[in-house]
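> Model the structure of this input:
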Amino acid sequence: MKTFEKIRSVRRIKSTILIFLVVLLATVSCATAAPLSADFITIPPNGTANFAPLTVQFTDATTGSPAINWTWNFADGTGPALMQNPSHIFQSAGIFPVSLTVWNVTTTMDTSTITHNVTVTPFAQFTPFTFTGYAPLNVQFTDTSTGQPNIWSWYFGDGNTSAQQNPANLYVWSGIYKVNLTVQKNGLTNKSANGTMTVNPKADFTITPSPGKAGSPIQFNATITTGGPKSFVWFFEPSNTSYSNPSGVVNHTFPIANTYVVGLNVTGNATTSDQITHSVAAYPTALFTQSPPGNVIEGRTVTFTDASIGVGGSGNADSYSWNFGDGATSTAVSPTHIYKQGKYFVTLTVTKNGLSDTSVPVQINVDSGLLGPLRSGINGNTLFRASKYAGFAPFTVSFIAYPTRNVTSETHFAWDFGDGGTATIQRPSHTYISPGVYTVSLTVSDTRDSYTIVKPRYIVVKHGGGGI
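Numbers count the residues shown, from 1 in each chain. Below you'll find the model as predicted:
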């Protein structure tokens, strides 16, 4: 029993000594260790152009007793970090009071807290940043800024502005426009670089007439668009002839039928421009003449002569195609043809450099011929007459012939008035100067027949002032 009590007494003595040593050690430690002083540094350092989203590397810079625990609060709504040197991404723009609390729970229970502001600026950007189109040009802009801005200020370079996040702007006039976006969040702003909108005038044109004809002026009309061109320069094949004018309208003649390239350059505001080319076909014009002209006589030869325009002169078309209207055709340049009595329509089709044209149909009336122009069973004395038969000198008489068949281009008249005077038309007028009695004759002829009428002592002319 005495032995057990002795053992317990020894243990109490040892415990007292141990407690004394612990207290002594703590006292010595407190007397020699510096207190905790929390601090940290950031990379990138605060105050630089730190645009959202911003990744910051935090480095513990605490001094004093060694820290055992760290608590970081980033003030942006995310949870705390408990590591010594964390990295953190700030998604939104703003000024964030980041705090670090450190403590040592194994020795002195010392704690320290430090707060530094981290400034994150919004970064202004948008699409499209560069764009090219034709006036009038409507551009839809989309804000792609970072840092979650909530205020937008757009300047479109044409005098228009907007406070919307994703506005559209209509550029009416050609030109080069600088677009700028300024964004703001929590009092922090950022301004984008200038975007560039290039608005060109639109080059295009029409022609009048369409299709055009070689050898005749063709009018070229530039299509004027809103915000349109300031100047026009035209180019024409094959000689590369150019015209420059402010109206956008020009006339040009292609001498030979062909397909030509025509170019138009237009210039707008601020050196904007546009170019276009079109292939323009200038067609030939099929024309011809007929000999003899007008109505013709059955069985007689009719000559057709090419007079087409835009083929480089008669006979220079690549091909000729005649249709005489009676079933007969020809490919000659200037053919001949013999018709029977009737009515016919003649056409000519010419082709040059792959372009063709057909003439307007020309009507030809073919008569059976005079077939005895004055021999129709009518008394010959009735086939011409005078307006009066007697009078005083000077005495003027009108004559008229009455052939019994149609008068054609081949019908000829030959008058003899008996005093040496003659005429070759169907209705002549003649003045007798000297008194006398005159025999009048008329010969009517064509290539197939001829007949003469003589009227003896037909006209009587007396001395002036007397009676008959």
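> For the stretch 101-250 of the chain, give me the ranges with low pLDDT.
Per-residue confidence for the stretch 101-250 of the chain (pLDDT under 70) gives these ranges: 105-109, 225-227.
> no wait, the stretch 301-450 of the chain
Per-residue confidence of the stretch 301-450 of the chain (counting by pLDDT under 70) places the weak regions at 369-382, 403-410, 447-449.
> Could you pull out the helices in the stretch 301-450 of the chain for me?
With DSSP state H, counting those that start in this stretch as the criterion, the stretch 301-450 of the chain has no helices.
> Setting the sequence-adjacent residues aside, check what's closest to H412.
Leaving aside its sequence neighbours, H412 sits nearest to S445 (C-beta to C-beta, 6 or more residues apart in numbering; 5.1 Å). Placement of C-beta: from N, CA and C, glycine included.
> Hmm, T424 and that neighbour touching each other?
No. With contacts defined as C-beta atoms under 8 Å, S445 does not count as touching T424, sitting 11.0 Å away.
> can you list residues touching both of these two?
Overlap between the contact sets of S445 and T424, as judged by C-beta atoms under 8 Å, 6 or more residues apart in numbering, is given by 412, 414.
> looking at the sheet around the residue nearest to H412, what are its partners?
Going by DSSP bridges, S445 is paired in beta bridges with H412, S450.
> between S445 and T424, which one's more packed in?
Between S445 and T424, counted using other C-beta atoms under 10 Å, S445 has the larger neighbour count: 17 against 9.
> ok, now how distant is the more buried one from A414?
Distance of S445 to A414, given as C-beta to C-beta, to the nearest Å: 7 Å.
> show me the residues around the nearest residue to F324 once chain neighbours are set aside that make contact.
Nearest residue to F324 in three dimensions, chain neighbours excluded: H337, at 5.0 Å (C-beta to C-beta, 6+ apart). Contact criterion C-beta under 8 Å, 6+ apart gives 301-302, 304, 324, 328, 330 as the residues in contact with H337.
> out of these, who has the most neighbours?
Each of the contacts of H337 was scored by neighbour count (other C-beta under 10 Å); the top score is that of F304, with 23 neighbours.
> Identify the residues contacting that one.
For F304, the contact set (C-beta under 8 Å, 6+ apart) comprises 288-291, 322, 334-337, 346, 348.
> swap in N323?
If a contact means C-beta under 8 Å, 6+ apart, then N323 has 329, 346-349 as its contacts.
> out of those residues, which are buried?
The neighbour-count criterion (16 or more other C-beta atoms under 10 Å) marks 346-349 among the contacts of N323 as buried.
> P45: which of these is nearest?
Comparing the buried ones among the contacts of N323 against P45 with C-beta to C-beta picks out T349 as the nearest, at 89.0 Å.
> beta partners of that closest one?
S321, T358.
> looking at it, it is touching T285, isn't it?
No. The pair T349 and T285 fails to qualify as a contact (C-beta under 8 Å) at a distance of 11.5 Å.
> can you list residues touching both of those two?
D357.
> what are the phi and psi angles of the residue most central in space within the chain?
The residue lying closest to the centre of the chain (C-alpha atoms, centre = their mean) is D204, at 2.8 Å. In terms of degrees, to the nearest 10, the main-chain angles of D204 are phi -170, psi 160.
> Show me the domain layout of the protein.
Using automatic domain parsing, the domain parsing of the chain gives 40-120, 126-200, 205-283, 290-367, 380-462.
> Show me how far the first one is from its chain's centre.
Right, the one you point to is domain 40-120. 63 Å (C-alpha atoms, centre = their mean, to the nearest Å).
> Could I get the full set of strands for the stretch 351-468 of the chain?
Across the stretch 351-468 of the chain, reading from the start of the chain, the strands by DSSP state E, counting those that start in this stretch fall at 355-358, 362-367, 384-386, 390-392, 395-401, 412-416, 422-423, 429-432, 436-445, 450-462.
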